[in-house]
Every structure is written in structure tokens, then in C-alpha cells.
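Colleague: I would like to see how this sequence folds:
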Amino acid sequence: MIERRSFDSLGGADHGWLKAKHHFSFAGYNDPGRMGWGALRVWNDDTIAPQTGFPPHPHADMEIITYVREGAISHKDSLGNAGRTEAGDVQVMSAGTGITHAEYNMEPVTTRIFQIWIIPDGHGKPPSWGARPFPKGERSGRFVALASGFKDDADALPLRTDARVLGATLKAGESTEYTLAPGRHAYLVPATGTVELNGVKLDARDGAAIRDESVLKVTALDDAELVLVDTAA
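Modeller: Residues are numbered from 1 along each chain as shown. Predicted coordinates:
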């Protein structure tokens, strides 16, 4: 089963400095049919104006992944962590028992990110944060784990949940496949480009909610950059 969720159908908000689209219910957007997908709870498509951002605010009991599509995001938190994550790279914050953080676009250009929240498997662990580069060339023509709760994904940023976040870049006409284990849920968004997923056409920033599909075959109709989340049901 693949349910296409067109970009135009997503919820959203325009705060001036922040233009947000929500794949799932979030803040002032509430759709009982889109409360999450498996353990995936939030997928926000955020456009952040230069020299603006999210002031310090708290989180707990959530795995928060930031995938930077354009520009860069600068992070500071109550643990003393600070870092700048730029386009193509990823940061992960495990909120654990509680953390306060700020995320700012300190760049002279607009920053665009995917912010993905996944429900953790347990509670009571101390918070943590990490970031690392993932050159797009290393995921050319194939899915690469960017963040993962699976020990086999040794090069990925660690997650405290039975899930993985993957990225791929495909040239026009190129295809790749991903095997989805029985009972799993997946959610795919092309950051750029148009693709076919098992015959279903997806335009840039559309979402695809997937279950009961053993193999996901993605073919790029033009050059595409993909983000895929695989979670427990």
C-alpha cells in the first residue's frame, strides 16, 4: 500500500520568518488521519529566513532528526553542544529526559530543512546531540543510512529507536531499491526531483506513506534527492 500525499495537501503555517508544511498533525494543524506513521510522529518541511530561527525551547522523549536541504542550521543546547550543519548533512538530538535547544539560520541565504521526529523505544535516558556530514556523492544511486537504531548501520548517527533514516541521490532514469521487512512502515519524500515509487508518481516534497510492500523500487524521472524513514509499526 502506497498513499501519495501531495505537497499541496499538507498542513502548514506562515510565520513570516518561518514557512512550514506539516506531513503530520503539528502545532495548529490537526488531522486525525495524519497523526503519524508507525513510530514516525513528525515530518516538517521548514523554510527559514536568513538571520532568524527557533529560540531556546525544551523537548523530552523524542528522537529529532534535522536533514538540511539548503543553507545551514546552527545549533546550541543546554548540554553545551554547539554546531553548524550544512546542506546535505544531518544532526540528531535524542531529547531523553529533557533538553533545551535553539536552532538558527545564521546564513545570508534561506535555509530549508526536513525536521523528523521519531518516538523512542524507551524513556529515562540522558539527552544527547550529534551531527555529521553525508556527502551526496556517497549516496549516489543507492540508499545510505544517515541515522539509525540498528547496530549494523555503524556509519550512521545513532537513534534510540527501531528505525532508520536514509538518503539517496538519483540521476534521471536511474533506479534503486530498498527492502522493507514484513510489518514495517516507511515514509518517502523527494527533497528534489520527480520519481516513481513502485509505479506511483511523486513530485518534489510530496510524501508517500508505505506499508505491506516488500521491495521499494524508486526510479528518478529527473535528478532527485530522496529521504526515506523506515520504522516499526
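Colleague: tell me the contacts of the residue nearest the centre of the chain?
Modeller: The centroid of the chain falls nearest to Ile116 when counting by C-alpha atoms, centre = their mean (4.2 Å). The neighbours of Ile116, taking C-beta atoms under 8 Å, 6 or more residues apart in numbering as the test, are 40, 42-44, 64-67, 165, 227, 229. The C-beta positions use only the backbone N, C-alpha and C, and glycine is treated the same way.
Colleague: With neighbour count and distance to Pro55 added, can I get those in TSV?
Modeller: Putting these into TSV (neighbours: other C-beta atoms under 10 Å; distance: C-beta to C-beta, whole Å) gives the following:
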residue	neighbour count	distance to Pro55
Leu40	24	26
Val42	19	19
Trp43	27	22
Asn44	23	17
Ile64	19	16
Ile65	25	21
Thr66	21	16
Tyr67	25	21
Val165	28	26
Val227	22	26
Val229	24	27
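Colleague: related to what we said a few turns ago, tell me the gap between the helix or strand containing the residue nearest to the centre of the chain and the middle of its chain.
Modeller: Assigned by DSSP states H and E, Ile116 belongs to strand 111-118. In terms of C-alpha atoms, centre = their mean, to the nearest Å, the centre of strand 111-118 is found 5 Å from the chain centre.
Colleague: Same check on stretch 56-68?
Modeller: 11 Å.
Colleague: ends of that stretch, how far apart?
Modeller: Across its full length, stretch 56-68 reaches 19 Å between end residues, using C-alpha to C-alpha, to the nearest Å.
Colleague: List the contacts of the nearest residue to Met106 once chain neighbours are set aside.
Modeller: Nearest residue to Met106 in three dimensions, chain neighbours excluded: Ser74, at 4.8 Å (C-beta to C-beta, 6 or more residues apart in numbering). When contacts are counted by C-beta under 8 Å, 6+ apart, Ser74 is found next to 53, 82-85, 103-106.
Colleague: Check for me that Ser74 belongs to a helix.
Modeller: No - with DSSP: H, G, I helix; E, B strand; the rest coil as the criterion, Ser74 is assigned strand and is not in a helix.
Colleague: and the gap between it and His57?
Modeller: Applying C-beta to C-beta, to the nearest Å, the value for Ser74 to His57 is 15 Å.
Colleague: swap in Gly207?
Modeller: Taken as C-beta to C-beta, the span from Gly207 to His57 is 25 Å.
Colleague: who has more neighbours, those two?
Modeller: For Gly207 versus His57, neighbours defined as other C-beta atoms under 10 Å are more numerous around Gly207 (24 against 10).
Colleague: Quick check: beta-bridge partners of the more buried one?
Modeller: Arg5 (DSSP bridges).
Colleague: and Asp222, how many neighbours?
Modeller: By the criterion of other C-beta under 10 Å, Asp222 has 14 neighbours.
Colleague: So it sits against Lys201, correct?
Modeller: No - in this structure, Asp222 is not within contact of Lys201 by C-beta atoms under 8 Å, at 11.8 Å.
Colleague: what touches both of these two?
Modeller: Thr194.
Colleague: now the nearest residue to Glu3 once chain neighbours are set aside, what's its secondary structure?
Modeller: Counting by C-beta to C-beta, 6+ apart, Ala209 is the residue found nearest to Glu3 once chain neighbours are left out, at 4.4 Å. Put simply, Ala209 is strand when judged by three-state DSSP.
Colleague: tally of neighbours for Ala209?
Modeller: Residues near Ala209, counting by other C-beta under 10 Å, number 19.
Colleague: Now do the residue nearest to Met106 against Lys125, distance only.
Modeller: 25 Å.
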